[in-house]
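# whatever this is, show me its structure:
(2 chains)
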Amino acid sequence: MINIALPKGRLGEKVLDIFEKSGYDCPAIHEQNRKLVFENEKNGVRYFWVKPSDVSIYVERGAADIGVAGKDILLEYSPDVYELYDLDIGKCRMAVAACKNFRDNPERTLRVATKFPNIAQNYYSRKGRDIDIIKLNGSIEIAPVLKMSDVIVDIVETGTTLKENNLEPIETIVHISARLISNKVSYKFKHGEIITLEKNIKDFCAKRKDI
Amino acid sequence: MKKIGFANEETAVMELSRLYSKYGFRHYKMSKFEEYELYSQNKDFLIGNTVLAFTDTNGALMALKPDVTLSIVKNSNDTFIEPEKVYYSENVYRVDKGTHRFKEILQMGLELIGEIDTYSAGEVIMLAKMSLNAISERNILDISHMGFLQGLLENVNLSNRKMNRIIECIRSKNTLEMQAVCKEFGIDFNTANALSALTGIYGSFEKCIGELKNISVNDTTEKAVDELQNIYNYLKTCGCSNGINLDFSIVNDLHYYNGIIFNGFVEGVPNAVLSGGRYDNLMRKFGKKSGALGFGVYLDQLERLMCSDEDFDFDVLILYDDNADLAFLAEQAKKLSANGESVRVQKNRGSFRYKKIFKITGDNIKEIEVDNL
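All right, here's what the predicted structure looks like:
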């Protein structure tokens, strides 16, 4: 039995679709009920939904053998897991954005508002820039509008939210997509099951790309 | 819950000590403190590089040991004539990853310092495997060899930062990123392919050693393959080759480790419970010529497996009051505990769980119905 942590939300639905079409369907998960864990004994999978940013925790601690997490989460928390495959969905980028006409004054410490303090810190320390991090949990866009921060570091998908707030992306830090991750110890003790699953998913994704 | 060989930390220490002394390793007892300098100079060797430091009465900056190996290396006499074979069980102080606070961890380990040949290396790895066997039947010892990676990268000049990114890809088995990183760093096609292939190697020794041979490129990698093969052959003759896997996603710090390295796992624990390797490079840092090989067992990782989840706090509860005849009470408690049952005597019930409950009034004992289930 493989335990699979799925990220709640739109991305998770897509991921589930890929898993199901790769031979790991689970009728129970589509039933309307209050269950938290969904099992299909026939093909040996047990799914559960968790908050997207928690997937890597469930996998790292072995509660889930595998999971799907955004590269942003993996970069931010650097969990000790195997990163097996790029599912090539949920694509977006981690970017620096600022108010239109923003001019960076290198004489001053740059104030950065973000949900991803580690990614921001790493990016700017590589550039040798001194920054002040303002950790927020949501509505990051408002920080530069209210002049609390100079820039924000956040995920940009289409850029619409930024535009609506009169902001624009100025630098791309890294491209993001959903990754198949595995617990390191599960990978050893459930090796056969996990590499078969990995292969089935890779095969399905490759076929899908061809179309 | 999976079955585990030890009931608690103490029995684990006892049993492992017995195993190591059987093979002529001697118990190494050390002082609680070391000079802080030892750790500040070898920060990268430590797991998590924070040290609990304090000032001694003479003004010297001291530290509570975060690690035992460094002390053993520092104190080793470095003679080839008499190799040092030691084991230890010591408390070490490290920062917990979750709480970010210092934590006391009981660590056991074993070190061999001196000339290291196939026999002695084989013996250490066999003891590592036997330690895992003692912990749980469902275990795996993954081995790797730093020499192979070093050989592959022999002609590639990389800065520390770039090297770390390559190692990060290997550790997370991230083949795709490995290819991208190689391209970015201008690593030639053959080396890049070999690195990607290396990243993917995992499985039983016999199955994977062939794959490893296929991507061997020079004498250094060849030597690594031979060493692995020799040690495996030795383990086979000892009947210890079950559950030995090759895993090249284990990479330790190149500045300290050189030859064979290994990690041990038991089912039910999501981290390595044993880890070790050949650390001649660390010896050189201390100006010592001998080779060194050893491993540590992280007993704290086993805690969750060891605690027996018993349903009762104790077997029998005896209640008494101020009128109870104390001699009678003592006699009854002794009688009830005679056949190995745990007996607790107190005045109130409390919120415990027990199998039987008695009440003593005067010199009269009466069993009452258990209502705590």
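
# which stretches of chain B have low pLDDT?
Low-confidence segments of chain B, defined by pLDDT under 70: B:1-5, B:307-310, B:372-373.

# so where do the helices sit in it?
Residue ranges of the helices in chain B, as given by DSSP state H, are B:9-22, B:36-40, B:69-75, B:118-135, B:146-152, B:160-171, B:175-185, B:189-200, B:205-214, B:219-237, B:280-285, B:303-306, B:326-337.

# what's stretch A:7-16 in contact with?
Here stretch A:7-16 makes contact (Cβ atoms under 8 Å, 6 or more residues apart in numbering or on different chains) with A:6, A:29, A:47, A:49-52, A:55, A:67-70, A:87, A:89-90, A:178. Backbone N, C-alpha and C define where each C-beta goes, glycine included.

# deepest-packed of the helices of chain B, please.
Of all the helices of chain B, helix B:146-152 has the most neighbours on average by mean count of other Cβ atoms under 10 Å in any protein chain shown, namely a mean of 22.

# report the distance from that one to the chain centre.
A distance of 24 Å separates the centroid of the chain from that of helix B:146-152, by Cα atoms, centre = their mean, to the nearest Å.

# columns distance to B:Ile365 on top of the helices of chain B, output as TSV?
Formatted as TSV, the helices of chain B follow (distance: least, Cβ to Cβ, whole Å):
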stretch	distance to B:Ile365
helix B:9-22	35
helix B:36-40	60
helix B:69-75	57
helix B:118-135	44
helix B:146-152	68
helix B:160-171	64
helix B:175-185	72
helix B:189-200	70
helix B:205-214	64
helix B:219-237	60
helix B:280-285	65
helix B:303-306	36
helix B:326-337	5
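
# before we move on, back to that, what's the farthest-apart pair in the contacts of stretch A:7-16?
In those, the most distant members under the criterion Cβ to Cβ are A:Ile29 and A:Gly70, with 20.9 Å between them.

# between these two, which is the more surrounded one?
Taking neighbours as other Cβ atoms under 10 Å in any protein chain shown, A:Ile29 and A:Gly70 compare with A:Gly70 leading, 24 against 19.

# let me see the contact set for the more buried one.
Contacts of A:Gly70 by Cβ under 8 Å, 6+ apart are A:7, A:11, A:52, A:90, A:176-179.

# B:Arg138 too?
With Cβ under 8 Å, 6+ apart, B:Arg138 has these contacts: A:189, B:2, B:266-268.

# please apply the same query to A:Glu198.
By Cβ under 8 Å, 6+ apart, the neighbours of A:Glu198 are A:84-85, A:180, A:182.

# per-residue confidence for it?
pLDDT, A:Glu198: 95.

# and it, helix, strand or coil?
helix (DSSP: H, G, I helix; E, B strand; the rest coil).

# out of the contacts of stretch A:7-16, which are buried?
Buried residues within the contacts of stretch A:7-16, defined by neighbour count using 16 or more other Cβ atoms under 10 Å in any protein chain shown: A:6, A:29, A:47, A:49-50, A:52, A:55, A:67-70, A:87, A:89-90, A:178.

# out of these, list just those in helices.
A:Val55.

# give me the neighbour count for whichever residue of the stretch 251-373 of chain B sits closest to chain A.
Using Cβ to the nearest Cβ, the closest approach of the stretch 251-373 of chain B to chain A is made by B:Pro270 at 3.1 Å. Residues lying near B:Pro270 (other Cβ under 10 Å) number 19.

# how far away is the nearest residue to it once chain neighbours are set aside from A:Asp80?
Once flanking residues are discounted, B:Pro270 sits nearest to A:Gly62: 3.1 Å by Cβ to Cβ, 6 or more residues apart in numbering or on different chains. As defined by Cβ to Cβ, to the nearest Å, A:Gly62 lies at a distance of 11 Å from A:Asp80.

# which residue is nearest the centroid of chain A?
Chain A has A:Gly70 as the residue nearest its centroid, 1.7 Å off, counting by Cα atoms, centre = their mean.

# for that one, give its distance to B:Ile143.
33 Å.

# A:Val145 too?
Counting by Cβ to Cβ - A:Val145 and B:Ile143 are separated by 56 Å.

# please apply the same query to B:Glu168.
From B:Glu168 to B:Ile143 the distance is 21 Å (Cβ to Cβ).

# next: B:Asn133.
16 Å.

# flag every residue of chain A that's near chain B.
Within chain A, the positions near chain B by Cβ under 8 Å from any Cβ of the partner chain are A:60-62, A:80-86, A:183-189, A:191.

# which of those residues are buried?
Buried members of those, scored by 16+ other Cβ under 10 Å, are A:60, A:62, A:80-86, A:183-189.

# next, give me the two most distant ones among those.
A:Asp86 and A:Phe189 (24.8 Å).

# and the residue nearest to the centre of chain A, what are its bridge partners?
Bridge pairing for A:Gly70 (DSSP bridges) gives the partners A:Ala178.

# I figured A:Asp25 hits A:Asn43, correct?
Yes - in this structure A:Asp25 lies within contact range of A:Asn43 using Cβ atoms under 8 Å: 7.1 Å.

# overlap in contacts, the two.
Between them, A:Asp25 and A:Asn43 share no contacting residue, judged by Cβ under 8 Å, 6+ apart.

# so where do the helices sit in chain A?
Assigned helices in chain A, in chain order: A:10-21, A:55-60, A:71-77, A:117-126, A:142-145, A:160-164, A:184-189, A:191-210 (criterion: DSSP H).

# circling back: could you dump the contacts of A:Gly70 to CSV with pLDDT and distance to A:Ala113?
Converted to CSV, the contacts of A:Gly70 look like this (pLDDT from 0 to 100; distance: Cβ to Cβ, whole Å):
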residue, pLDDT, distance to A:Ala113
A:Pro7, 95, 24
A:Leu11, 92, 24
A:Pro52, 94, 20
A:Gly90, 92, 23
A:Ile176, 95, 19
A:Ser177, 95, 24
A:Ala178, 96, 25
A:Arg179, 96, 26
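
# and which of these is nearest chain B?
Using Cβ to the nearest Cβ, A:Arg179 comes nearest to chain B of the contacts of A:Gly70, at 8.4 Å.

# could you pull up the residues touching that closest one?
So A:Arg179 contacts A:68-71, A:74, A:83-87 (Cβ under 8 Å, 6+ apart).
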